[in-house]
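Enquirer: coordinates for the following, if possible.
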Amino acid sequence: DGEWSAETGFEYRYFDDPGEFGQEQHALSLRFQGEYVSQWNDESDSMTFVPFVRLDEQDENRSHADIRELLWVHVGDNWELRSGVTRVFWGRTEFNNVVDVVNQTDLVDGDEEKLGQPMVNLSVVGDDWGIFDFYWLVGFRERTFPGPDGRLRLPLVVDTDNAEYSTDTGPEDMDFACRWQTTVTDELEMALSIFSGVDREPAYTFNFDFSDPMLIPYYSHIDQLGVELEYLHEGWAFKLEGITVQSEIEDYQSS
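Expert: Residues are numbered from 1 along each chain as shown. Okay, here's the model as predicted:
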């Protein structure tokens, strides 16, 4: 008894000059994204399925398929349980969301696009204290990168087939996260978050093969504490995001 919807389209890109490494000046790609939604049990239960496919004539790495969502949601009196593959957004600002760490970036499709993440998410709602979200993230998804024929790539191709991990993490890791959001006053909203798991943004090492030089993505474990603030006053919106991160590579703060 569910409903299907879908969208498809094409994208044409043209560059004034050939690529620095011999790439073509033009590229055509086709994209398809569908959505299936079904509800039952007096709308207390629902399922969403969102497949995505892109075909690119130049860059084989940009031709890919992904399940953006395959999610079952059960709604209780003051809680929701979400299980499956989905995308979660954290953040307040418009252009650069330093706190947004749950999903991996689908870089071949744009730096704002995200890959679906398998997870279990329990959301508990309180009238007085806001919303608590608890996340159990099942497995890690590596970042996608343009191939040798892709435009807007790094000077060296990223070898996605030989990614490396720090000794305290790996692709089968179970990550955990928690986020609390609340309305402090009529004008001020706040969110605090904790993430412990594999860093979605890799560092890079060199393969030391001078006949075929490539970058090797290196993923390490991080512990991140984040804060989000949004203050509305007389038609103005003031927004802040900040994080502090601990990892084996470096400890840092960003806002």
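
Enquirer: the nearest residue to E20 once chain neighbours are set aside: neighbouring residues, count only.
Expert: Excluding the flanking residues, the one nearest E20 by Cβ to Cβ, 6 or more residues apart in numbering is P155, at 7.5 Å. Bear in mind the C-beta positions are built from the backbone N, C-alpha and C, glycine included. A total of 8 residues lie near P155 under the criterion other Cβ atoms under 10 Å.

Enquirer: quick one: P155 from F15, how far?
Expert: 16 Å (Cβ to Cβ, to the nearest Å).

Enquirer: repeat that for P213.
Expert: According to Cβ to Cβ, P213 and F15 sit 24 Å apart.

Enquirer: E113 now?
Expert: Going from E113 to F15 by Cβ to Cβ gives 21 Å.

Enquirer: now S63
Expert: From S63 over to F15 the distance is 19 Å, taken as Cβ to Cβ.

Enquirer: quick one: which of E113 and F15 has more around it?
Expert: E113 (17 against 13).

Enquirer: pLDDT score for the more buried one?
Expert: pLDDT, E113: 90.

Enquirer: show me what contacts it?
Expert: T105, D106 (Cβ atoms under 8 Å, 6 or more residues apart in numbering).

Enquirer: tell me, what residue is most central in the protein?
Expert: Nearest to the mean C-alpha position of the chain, counting by Cα atoms, centre = their mean, stands N103 at 2.8 Å.

Enquirer: residues contacting the nearest residue to it once chain neighbours are set aside?
Expert: Once flanking residues are discounted, N103 sits nearest to K114: 3.8 Å by Cβ to Cβ, 6+ apart. Residues in contact with K114 (Cβ under 8 Å, 6+ apart) are R87, N103, Q104, T105, D106.

Enquirer: identify, from those, the entry nearest to P146.
Expert: D106 (11.6 Å; Cβ to Cβ).

Enquirer: and the closest residue to that closest one other than its chain neighbours, how far from Y165?
Expert: Among residues not flanking D106 along the chain, E113 sits closest, at 4.2 Å (Cβ to Cβ, 6+ apart). E113 is 24 Å from Y165, where distance means Cβ to Cβ.

Enquirer: cool, and G34?
Expert: Applying Cβ to Cβ to G34 and Y165 gives a distance of 33 Å.

Enquirer: neighbour count for the two, which is higher?
Expert: Shown here are G34 and Y165; by other Cβ under 10 Å, Y165 has more neighbours (19 against 15).

Enquirer: coming back round to it: which residues are in contact with the residue nearest to the centre of the chain?
Expert: Contacts of N103 by Cβ under 8 Å, 6+ apart are R87, V88, K114, L115, G116, Q117, R200.

Enquirer: let's see it at 10 Å
Expert: Residues in contact with N103 (Cβ atoms under 10 Å, 6 or more residues apart in numbering) are 68, 86-90, 113-117, 119, 137, 141, 200.

Enquirer: what subset of those is buried?
Expert: Among the contacts of N103, those classed as buried by 16 or more other Cβ atoms under 10 Å are 68, 86-88, 90, 113-117, 119, 137, 141, 200.

Enquirer: done for today, thanks.
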